[in-house]
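Student: give me a 3D structure for the following:
(one chain, ligands or ions: 1)
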Amino acid sequence: MDRLFTPLRIGALELPSRVIMAPMTRSRADNDGVPLDYVADFYVQRASAGLMLTEAIYVSPMAKGYVRTPGLTNDAQQAAWAWIVKAVHAAGGRIFAQLFHTGRVALPDFLPGGAQPVAPSAIAIKGQNKTDDGKKDFVVPRALETDEIPGVVAEFASAAKRAMAAGFDGVEIHAASGYLIHQFLDSTINLRDDAYGGSVENRCRFLLEVIDGVTMAVGAARTGIKVSPRIKFNDVVEPDASDVYPYLSRALSSHGLAYLHGAKQSDYDVHAQMRQHYKGLYAAGGGFNRDSAEAILASGGADAVVFGKPFIANPDLPRRMRDGVALAEPDFATIYSGSERGYIDYPAAD
Ligand SMILES: Cc1cc2nc3c(=O)[nH]c(=O)nc-3n(C[C@H](O)[C@H](O)[C@H](O)COP(=O)(O)O)c2cc1C
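Tutor: Model (predicted):
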């Protein structure tokens, strides 16, 4: 029995399958954070997914962390997304906007007036980020003042409202991959001594305030959230992940969210932990193929499965998995290359 291809209700939305396309940054926006016209083709080609999650979209000018990534902070960006969403809906698809603030991953090069990036604490990431002038070292961020935090929460809520105005079916809050929300969760990155640092409860406070702000703005049934405990990226360590994530899962259970999305990208057994502690719809991601996806659905370990890399070169991934058609391999050289090549030129199997 193919459980992957059975329908699933998420809030008001009826998904035709449990195949979700993972959020994937592809750097096909202009320098003002407006997605390029052909981004619509990318999502339309993949509209047979039960649900698509967009590439991460920055929620404010201070939240941008990479060259040529898109935002949802002004009317021009919103209008471009509205056009993309309209095309996806016309093609019969469903799509959530993934919203993020990159915090200390940003470089001054991407921020208004060359501003210093913000973070829970003034600790730089080791290593470098790409700019149009070559790679540059990450910088020491400025620790957010306690009284600035409600303003950042409001930026998430405002971007979520813009997403709904653009016609998206919902939003996914990006609390993964070592970006701002994740930075608050990690005791090696968050050294604050106010109500947002220290105990597990305090480090989870910012995330829960963002969820409150966004669900008040657009409704819990249209709000999902992604986590990736202990991911080896952006200097995430999370020595006490086994305390943080069960607490978070229980705290999120009462919110009536669309779903919780857990990406397994480390030794942390995120799927088992989330399933045990989270009462609500759970979407499992990270390294799945058709067989492992069927297995986790069959065992009751998840309600839906999220596929990332397999969707890059297989726009018709659901059909290929259902019919056992061989999968194409992506060309990793063109992943972030900023043109139509390696983006919208992967054909469907027929
Ligand atoms: C090119 C690329 C870009 C990604 N960008 C994002 C992103 O914008 N937001 C996010 O939450 N995860 C991002 N991820 C992580 C994926 O969403 C997913 O969690 C990860 O690739 C594991 O799933 P997979 O093994 O099915 O690819 C990205 C992954 C890839 C390969």
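
Student: the ligand contacts on the stretch 1-150 of the chain?
Tutor: 22, 23, 24, 25, 55, 56, 98 (C-beta under 6 Å from any ligand atom). For the C-beta atoms, the positions are set from N, CA and C on the backbone; glycine is no exception.

Student: so the fourth one sits against residue 55, correct?
Tutor: I take that to be residue 25. Yes - applying C-beta atoms under 8 Å, one finds residue 25 in contact with residue 55, separated by 4.6 Å.

Student: now for these two: what residues contact both?
Tutor: residue 69 (C-beta atoms under 8 Å, 6 or more residues apart in numbering).

Student: would you agree residue 98 falls within a helix?
Tutor: No - counting by DSSP: H, G, I helix; E, B strand; the rest coil, residue 98 is not part of a helix but strand.

Student: quick one, what contacts it?
Tutor: For residue 98, the contacting residues are 23, 53, 54, 55, 56, 57, 171, 172, 174, 226, by C-beta under 8 Å, 6+ apart.

Student: which residues does it bridge with?
Tutor: Counting by DSSP bridges, residue 98 is bridged to residue 56, residue 172.

Student: how much space separates it from residue 306?
Tutor: 11 Å (C-beta to C-beta, to the nearest Å).

Student: give me the common contacts of those two.
Tutor: Taking C-beta under 8 Å, 6+ apart as the criterion, residue 98 and residue 306 both touch residue 53.

Student: surely residue 39 meets residue 25?
Tutor: No - the pair residue 39 / residue 25 is not scored as a contact, 11.8 Å apart, by C-beta under 8 Å.

Student: secondary structure class for the residue nearest to residue 331 when sequence neighbours are not counted?
Tutor: Of all residues beyond its chain neighbours, the one nearest residue 331 is residue 342 (5.1 Å), with distances taken as C-beta to C-beta, 6 or more residues apart in numbering. Classification of residue 342 using three-state DSSP returns coil.

Student: which residues touch residue 342?
Tutor: 330, 331, 333, 334, 335.

Student: can you list contacts of stretch 193-204?
Tutor: With C-beta under 8 Å, 6+ apart as the criterion, stretch 193-204 contacts 120-121, 146, 149, 184-187, 190-192, 205-206, 240, 243-244, 247-248, 251.

Student: let's see that stretch as CSV, backbone CA atoms only.
Tutor: Extracted in CSV, the C-alpha atoms of stretch 193-204 (Å, rounded to 0.1, in the frame of the first residue of the first chain):
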residue,chain,number,x,y,z
ASP,A,193,21.2,36.6,31.0
ASP,A,194,17.7,38.1,30.3
ALA,A,195,14.4,36.3,29.9
TYR,A,196,15.6,35.0,26.4
GLY,A,197,18.7,33.1,27.6
GLY,A,198,19.9,30.6,30.2
SER,A,199,17.3,27.9,30.9
VAL,A,200,15.7,25.8,28.2
GLU,A,201,12.5,27.6,28.8
ASN,A,202,14.1,31.0,28.3
ARG,A,203,16.0,30.0,25.1
CYS,A,204,12.7,28.7,23.6
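
Student: could I get the buried residue list for that stretch?
Tutor: Residues of stretch 193-204 classed as buried: 196, 197, 200, 202, 203, 204 (neighbour count, 16 or more other C-beta atoms under 10 Å).

Student: returning to that earlier point: any of the contacts of stretch 193-204 buried? List them.
Tutor: For the contacts of stretch 193-204, a burial check counting by 16+ other C-beta under 10 Å picks out 120-121, 149, 184-187, 190, 192, 205-206, 244, 247-248, 251.

Student: so which pair among these is furthest apart in space?
Tutor: 121 and 251 (22.5 Å; C-beta to C-beta).

Student: so what's the residue in the chain positioned nearest to the ligand up against?
Tutor: The minimum distance from the chain to the ligand, using C-beta to the nearest ligand atom, falls at residue 308 (2.7 Å). By C-beta under 8 Å, 6+ apart, the contact set of residue 308 is 21, 22, 23, 24, 285, 286.

Student: cool, residue 8 as well?
Tutor: Taking C-beta under 8 Å, 6+ apart, one finds 14, 15, 17, 18, 50, 281, 303, 304 in contact with residue 8.

Student: just the buried ones from these?
Tutor: Buried members of the contacts of residue 8, scored by 16+ other C-beta under 10 Å, are 15, 17, 18, 50, 281, 303, 304.

Student: okay, the residues you listed in CSV with distance to residue 267 and pLDDT next?
Tutor: CSV is the format used below for these (distance: C-beta to C-beta, whole Å; pLDDT from 0 to 100):
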residue, distance to residue 267, pLDDT
15, 31, 98
17, 30, 98
18, 26, 98
50, 29, 98
281, 25, 98
303, 24, 98
304, 23, 98
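
Student: those residues into CSV, with extra columns for secondary structure and distance to residue 295?
Tutor: Formatted as CSV, the buried ones among the contacts of residue 8 follow (DSSP: H, G, I helix; E, B strand; the rest coil; distance: C-beta to C-beta, whole Å):
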residue, secondary structure, distance to residue 295
15, strand, 20
17, coil, 16
18, coil, 13
50, coil, 18
281, coil, 19
303, coil, 14
304, strand, 14
